[in-house]
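*Asks:* Give me the fold of what follows.
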Amino acid sequence: MKKAIIIALLTACLASTGLADEAARVQTARQIVKDYGESLVWISAVSKSEMGSMLGGSGEQEIEVVGTVIDPSGLTVVSNTALDPFGALGMMLNIGGQSINTKSTLSDVKITLADGTEIDAKLVLKDPDLDLAFVMPEKTDGEELPKFKHVPLDKGATAEMLDPMIELSRLGKSLDRQCSVQLSRISAVVKKPRTFYCGGAGMGGTPAFTETGKVLGIASIRKPKTGGMMAMGAMQPVILPAEDVLEIAEQAKAVGADKKENSKETDKEADDKD
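*Replies:* Purely as a prediction, here's the structure:
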């Protein structure tokens, strides 16, 4: 009898603790939305490809994907697969064992903030292997860029298998672009060839956090090395650690700065000729 009572008390305590932990995670998730919700933006562009007809399309497609601002300058990370579907599909398909090399270009790139403000932007760097692309806002003459709220990747954390994870995303235009949050758990931690966290179903280019609200990383798509139609079904959503994304982001900032400087020099040369 006493043993049964003790077991019942222990069960009740564990249940109570579990409910308390879940309530704490919910509260943390709501705080993440308040702190970083505006860091999630929409990137729109027009994608053109020479292989459009072979891939069953017209060769031109309007793209709109969610991305995460990761720097006060407005530097935004998105899924390369989502932003450049023609190029990504060409890498996955093959004919007679040969990959289809598509030539895709992006034009009319814009960043749409949470309040609906549209800002001209440009693609500065792509890393197809990690499924990352980086977009930077462009400042036109007489225009002041807003202060961008961002997710600080330099404060990234680590996690282990079965640790709770909080994934932040943003819904589409038909649902008023509202923030969306999901509570999940890490199902596996891959160590080679690099670290990836598996679990959840985060949309590429969106952030994931630990249960304490620290940045874990950015969602991306892991693709198999071999092509073919079967490879398309083997694509796996993963979380790339914050420190790895930050390393590539620093390269993107440098490339963006170089492009901006070159653009100024070109404009100056044109003025001198005039």
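*Asks:* hey, where'd the strands end up in the stretch 51-200 of the chain?
*Replies:* For the stretch 51-200 of the chain, the strands defined by DSSP state E, counting those that start in this stretch occupy 60-69, 76-79, 94-95, 98-99, 104-112, 118-127, 132-137, 164-170, 179-185, 188-190, 196-198.
*Asks:* what are the pairing partners of the last one, and which direction each?
*Replies:* Strand 196-198 has these partner strands in its sheet, going by DSSP bridges: strand 188-190 (antiparallel), strand 236-241 (antiparallel).
*Asks:* Next: the first one.
*Replies:* Taking DSSP bridges as the criterion, strand 60-69 forms sheet pairs with strand 40-49 (antiparallel), strand 76-79 (antiparallel).
*Asks:* Looking at the ones you listed, which is nearest to residue 63?
*Replies:* Shortest distance between residue 63 and these, using C-beta to C-beta, is found for strand 40-49: 4.9 Å. (C-beta placed from N, C-alpha, C; glycine too.)
*Asks:* So which bits of the closest one are buried?
*Replies:* Using 16 or more other C-beta atoms under 10 Å as the test for burial, strand 40-49 gives 40-45, 47-49.
*Asks:* Tell me the span between the first and last residue of stretch 166-178.
*Replies:* 16 Å (C-alpha to C-alpha, to the nearest Å).
*Asks:* and the strands paired with strand 60-69, which one's lowest on average pLDDT?
*Replies:* For the strands paired with strand 60-69, mean pLDDT drops lowest on strand 40-49, to a mean of 90.
*Asks:* what's the angle from that one to strand 118-127?
*Replies:* If you take axes from the mean of the first three to the mean of the last three C-alpha atoms, to 10 degrees, strand 40-49 sits at 70 degrees to strand 118-127.
*Asks:* Run the angle between strand 40-49 and strand 179-185 for me.
*Replies:* Using the same axes, to 10 degrees, strand 40-49 lies at 90 degrees relative to strand 179-185.
*Asks:* could you check the angle strand 132-137 makes with strand 40-49?
*Replies:* In terms of direction (the same axes, to 10 degrees), strand 40-49 departs from strand 132-137 by 110 degrees.
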